[in-house]
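A.B. asks: just the structure for this:
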Amino acid sequence: MRRREMMTGALGLGAGLIAASPATPAAAADPAAALERALFDGPSAAPAPLPRLAAALGAARADYEATRYQALAAALPGLIATAEATRDAAAGRAREQAHTLLARAYVLATELGVKQRSEATWVAADRALSAARAGGDPQPIGEAARVLAITMRRAGRTQAAVSLLSRTAASLDADRGTPSPQALAARACLLMTGAYTAAAARQRTTALDLLAEAEETTRRIPQHAARTGLFVINASLDECAMYRISTFTALGTPDDALPYAARIVPARLPTTERQARYLTDTARMWNHIGDPARTYAALRALERLAPEEARRPSLRLVTTDLLYSPHHLPGLRDFATRTGALPG
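C.D. replies: Numbering: from 1, shown residues only. A predicted model of the protein is given here:
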């Protein structure tokens with residue numbers, strides 16, 4: 001309860017940073033519409049003290065990790081406008097810090113856009129990387145490069161995306177000396193994303209080599225390394241196993257993913273968003289294997305855990321596949337209506 005009160009207070013602080021123009025009803029209900037407003041028609045805002053802006057961005061990240069995508073979408077226009085105003089008003093080291101905070105806002109915008117399959121994601125990803133590079137901190141640069149590569153992959157530019165991820169991972173110097181846990185986590189995450197990106201292009205050898213390298217890097221992260229800061233990166237052997245599931249499914253060999261799906265305990269994953277990702281990946285895995293009952297079970301578990309995740313466009317496509325299955329799945333049409341796969 002105390003954690004929820006603190007998060008609500010931080011969100012209130014974020015709202016107080018801006019003088020926001022009212023959102024249209026469509027934008028309020030549609031995270032993709034709200035994202036476009038944030039990028040192209042955001043409100044005017046005044047600069048804010050860096051700690052207050054960081055607190056508001058931390059609350060927005062908490063919304064993402066809890067799969068509260070509508071709440072995140074509602075906050076983004078004001079947060080981006082405030083972060084830009086703060087950057088413009090700062091100088092010296094404070095300006096670099098403001099650039100890093102702005103990168104955090106645009107990374108969140110990109111992640112939301114990826115979830116919603118918004119074409120505006122390109123703009124957010126490009127701005128995220130520009131801001132991160134201006135801030136000069138390797139960890140935000142790695143995160144911004146990762147979300148840009150995801151956008152590139154979805155546009156069919158898989159080879160360029162893998163190249164960007166590999167170059168950025170090498171630039172972290174995590175294979176020399178005694179790198180920080182943050183550098184190791186960033187490198188592992190870039191390699192995992194690179195593996196799935198290569199798998200999308202059916203480059204099996206490259207994908208599996210990158211996963212093996214990601215697992216080796218993950219094993220070097222101290223077991224009890226603290227997860228702190230605005231750019232907390234999930235890198236664990238469970239995360240690697242999740243990428244094995246999605247990678248084998250993308251390669252067209254979902255049977256190979258079954259041992260990895262069985263070894264993961266969802267409750268052990270660090271956030272609701274990652275638990276939802278596991279259920280998403282297993283639903284797609286079962287769908288590719290041709291098991292409608294297990295696919296539907298994973299989708300229903302996803303809806304119970306994270307209702308907004310189950311309404312994502314890519315998950316609605318999986319539900320539509322089930323609607324055309326010859327198998328009788330009790331309650332499927334009601335589920336499809338609730339999640340938007342069928343008109344209400």
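A.B. asks: so for the protein, the centremost residue is which one?
C.D. replies: Nearest residue to the geometric centre of the chain (Cα atoms, centre = their mean): Glu111, 4.3 Å.
A.B. asks: hang on, that residue in a strand?
C.D. replies: No. Assignment of Glu111 by DSSP: H, G, I helix; E, B strand; the rest coil gives helix, placing it outside any strand.
A.B. asks: ok, it touching Thr67?
C.D. replies: No. The criterion here is Cβ atoms under 8 Å, and Glu111 misses it with Thr67 at 11.3 Å. In this view, the C-beta of every residue, glycine as well, is placed from N, C-alpha and C.
A.B. asks: once you drop chain neighbours, what's closest to Asp88?
C.D. replies: Using Cβ to Cβ, 6 or more residues apart in numbering and skipping the chain neighbours, the partner closest in space to Asp88 is Pro47 (7.5 Å).
A.B. asks: how about low-confidence regions in the stretch 151-300 of the chain?
C.D. replies: For the stretch 151-300 of the chain, the stretches flagged by pLDDT under 70 are 174-177, 224-229.
A.B. asks: can you rerun that using 50?
C.D. replies: The model of the stretch 151-300 of the chain has no residue with pLDDT under 50.
A.B. asks: give me the neighbour count for Gly202.
C.D. replies: No Gly there; residue 202 is Arg. 12 (other Cβ atoms under 10 Å).
A.B. asks: and the one 5 residues further on, by the same measure?
C.D. replies: The tally of other residues near Ala207 (other Cβ under 10 Å) stands at 25.
A.B. asks: give the buried residues for the helix or strand it falls within.
C.D. replies: Ala207 is part of helix 204-219 when elements are defined by DSSP states H and E. Across helix 204-219, burial judged by 16 or more other Cβ atoms under 10 Å covers Arg204, Thr206, Ala207, Leu208, Leu210, Leu211, Glu213, Ala214, Glu215, Thr217, Thr218.
A.B. asks: how near is Tyr106 to Glu119?
C.D. replies: 16 Å (Cβ to Cβ, to the nearest Å).
A.B. asks: what does Gly194 give?
C.D. replies: For Gly194 relative to Glu119 (Cβ to Cβ), the value is 23 Å.
A.B. asks: what does Leu129 give?
C.D. replies: 18 Å.
A.B. asks: comparing those two, which residue is more hemmed in?
C.D. replies: Ranked by neighbour count (other Cβ under 10 Å), Leu129 and Glu119 place Leu129 first, with 24 against 13.
A.B. asks: who's in contact with the residue lying closest to the more buried one once chain neighbours are set aside?
C.D. replies: Among residues not flanking Leu129 along the chain, Ala144 sits closest, at 4.1 Å (Cβ to Cβ, 6+ apart). Neighbouring residues of Ala144 by Cβ atoms under 8 Å, 6 or more residues apart in numbering: Ala103, Tyr106, Val107, Ala125, Ala128, Leu129, Ala131, Ala132, Arg133.
A.B. asks: same thing but 10 Å
C.D. replies: Ala144 sits next to 103-104, 106-107, 110, 124-133, 135, 168, 231 when contact means Cβ atoms under 10 Å, 6 or more residues apart in numbering.
A.B. asks: that one: helix or strand, and which one exactly?
C.D. replies: helix 138-154.
A.B. asks: got TSV for the buried residues of helix 204-219, with distance to Gly78 too?
C.D. replies: Output for those, formatted as TSV (distance: Cβ to Cβ, whole Å):
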residue	distance to Gly78
Arg204	45
Thr206	41
Ala207	40
Leu208	43
Leu210	38
Leu211	39
Glu213	40
Ala214	36
Glu215	40
Thr217	37
Thr218	36
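A.B. asks: Pro140 versus Gln97, what's the distance?
C.D. replies: Using Cβ to Cβ, Gln97 is found at 11 Å from Pro140.
A.B. asks: ok, Arg93 next?
C.D. replies: 15 Å.
A.B. asks: and these two? which has more neighbours close in?
C.D. replies: Pro140 (28 against 8).
A.B. asks: angles on the backbone of the closest residue to that one other than its chain neighbours, please.
C.D. replies: Spatial nearest neighbour of Pro140, chain neighbours left out: Ala132 (4.1 Å); criterion: Cβ to Cβ, 6+ apart. Ala132 adopts backbone torsions of phi -60, psi -40, taken as degrees, to the nearest 10.
A.B. asks: same deal with the one 4 residues further on?
C.D. replies: Comment: the main-chain dihedrals of Gly136 come out as phi 80, psi 0, following degrees, to the nearest 10.
A.B. asks: residues touching it, list them.
C.D. replies: Glu96, Gln97, His99, Thr100.
A.B. asks: buried among the residues you listed? Make that a PyMOL selection.
C.D. replies: The command below creates a PyMOL selection of those among the contacts of Gly136 that count as buried (16+ other Cβ under 10 Å):
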select buried, resi 97+99+100
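A.B. asks: sort out for me which of the contacts of Gly136 are in helices.
C.D. replies: Glu96, Gln97, His99, Thr100 (DSSP state H).
A.B. asks: how does this protein divide up, domain by domain?
C.D. replies: Domain assignment for the chain by automatic domain parsing gives 1-118, 268-344.
A.B. asks: so of these, which one's packed in deepest?
C.D. replies: domain 1-118 (a mean of 19; mean count of other Cβ atoms under 10 Å).
A.B. asks: distance of Leu332 from Asp238?
C.D. replies: Distance, Leu332 to Asp238, using Cβ to Cβ: 30 Å.
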